[in-house]
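> okay, here's the prediction I keep looking at, along with the sequence it came from:
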Amino acid sequence: MAVDSLERLDTERIDRSMDFRPADALVMSCGTVTLDLARGLVLLIWNKQQRIHQLPKGRRNIEEPMLSAALRETYEETGIRVTPLRLNIATRATPPKQPNNGRGQKNPDITVGCPSTEFVGACLYPDPQSETEALKTVFYYAATADSTIKPDAGTQEAWEKLEPRWVAIADVASILCFQGEIAAVRKAVDDVKKTGYTIGG
């Protein structure tokens, strides 16, 4: 007789590894890896205060959907309206229910072959801008835009000193400041190619 999977859980190990953090010790941020597919470019921001290149991102508003936050923050920081890309992303999100002829199949750990606008990955690190200890998670979404369109003016907060810059995808590793963001770009580009999009003609 098969043992139910819940009975096989190592609850003691789970308990030892489980960590609780209150909401005020967590920062949820969302951003995009925005590509001009035709020209093989990626949208970055030049942070004039820190003098570094970064991906556009920012904190989610209360009850704001994560993808909406990513698109909004990208627009606010760059003045460029971007469109999410629907990709075949390997994800741990639950796939839509499919008819299974009553066989009761279990959902796989990793969902593949289900085009979506799910995030391509996330960066986790202590928030350097918080006055109190907080763990920051930045969820990145793949998006697209036309690099020849002039950015809208006046979209940034008064204190932000950011300049949008389109750079060649091949140059990202030598331009972006953070290795985690370089990895986010590479993952988005890989997912775009696996889905069948052509980059750079």
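Arrived safely, thanks for sending. Numbers count the residues shown, from 1 in each chain.

> please name the nearest non-neighbouring residue to the spatially most central residue of the chain.
In the chain, the centroid-proximal residue (CA atoms, centre = their mean) is Tyr140; its distance is 0.9 Å. Nearest residue to Tyr140, sequence neighbours excluded (CB to CB, 6 or more residues apart in numbering): Ala184, at 4.5 Å. For every residue, glycine as well, the C-beta is placed using N, CA and C.

> where in the chain is pLDDT low?
Low-confidence segments of the chain (pLDDT under 70): 1-7, 98-107, 201.

> which helix runs longest in it?
What stands out as the longest helix in the chain, according to DSSP state H, is helix 179-195.

> now do the buried residues in that one.
For helix 179-195, a neighbour-count test (16 or more other CB atoms under 10 Å) marks 180-182, 184-189, 191-192 as buried.

> ok, now stretch 50-59?
Buried, per 16+ other CB under 10 Å, within stretch 50-59: 53-58.

> and the residues you listed, which is closest to Leu9?
Nearest to Leu9 among those: Lys57, at 35.3 Å, using CB to CB.

> quick one: that closest one from Lys48, how far?
17 Å (CB to CB, to the nearest Å).

> now Cys114
From Cys114 across to Lys48, the span is 41 Å (CB to CB).

> before we move on, what about Leu176?
Leu176 sits 16 Å away from Lys48, taking CB to CB as the criterion.

> between the two, who's got more neighbours?
For Leu176 versus Lys48, neighbours defined as other CB atoms under 10 Å are more numerous around Leu176 (21 against 11).

> residues touching the more buried one, list them.
Leu176 is in contact with 44, 53-55, 182, 185, counting by CB atoms under 8 Å, 6 or more residues apart in numbering.

> tabulate these (TSV), appending distance to Leu87.
Compiled in TSV, those are given as follows (distance: CB to CB, whole Å):
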residue	distance to Leu87
Leu44	20
His53	24
Gln54	22
Leu55	17
Ile182	19
Val185	14
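
> now, which of these sits nearest Ile89?
Taking CB to CB as the measure, Ile89 lies nearest Val185 of the contacts of Leu176, at 14.7 Å.

> C-alpha coordinates for stretch 26-40, CSV please?
Output of stretch 26-40 as CSV, limited to C-alpha atoms (Å, rounded to 0.1, in the frame of the first residue of the first chain):
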residue,chain,number,x,y,z
LEU,A,26,10.5,42.1,3.7
VAL,A,27,10.7,44.3,0.6
MET,A,28,9.0,43.1,-2.5
SER,A,29,10.4,44.8,-5.6
CYS,A,30,9.5,44.2,-9.3
GLY,A,31,11.3,45.1,-12.5
THR,A,32,11.9,44.2,-16.1
VAL,A,33,14.4,42.9,-18.5
THR,A,34,13.2,44.9,-21.4
LEU,A,35,14.5,44.0,-24.9
ASP,A,36,14.3,45.6,-28.3
LEU,A,37,14.1,42.3,-30.1
ALA,A,38,14.7,43.8,-33.6
ARG,A,39,17.9,45.6,-32.6
GLY,A,40,19.3,43.2,-29.9
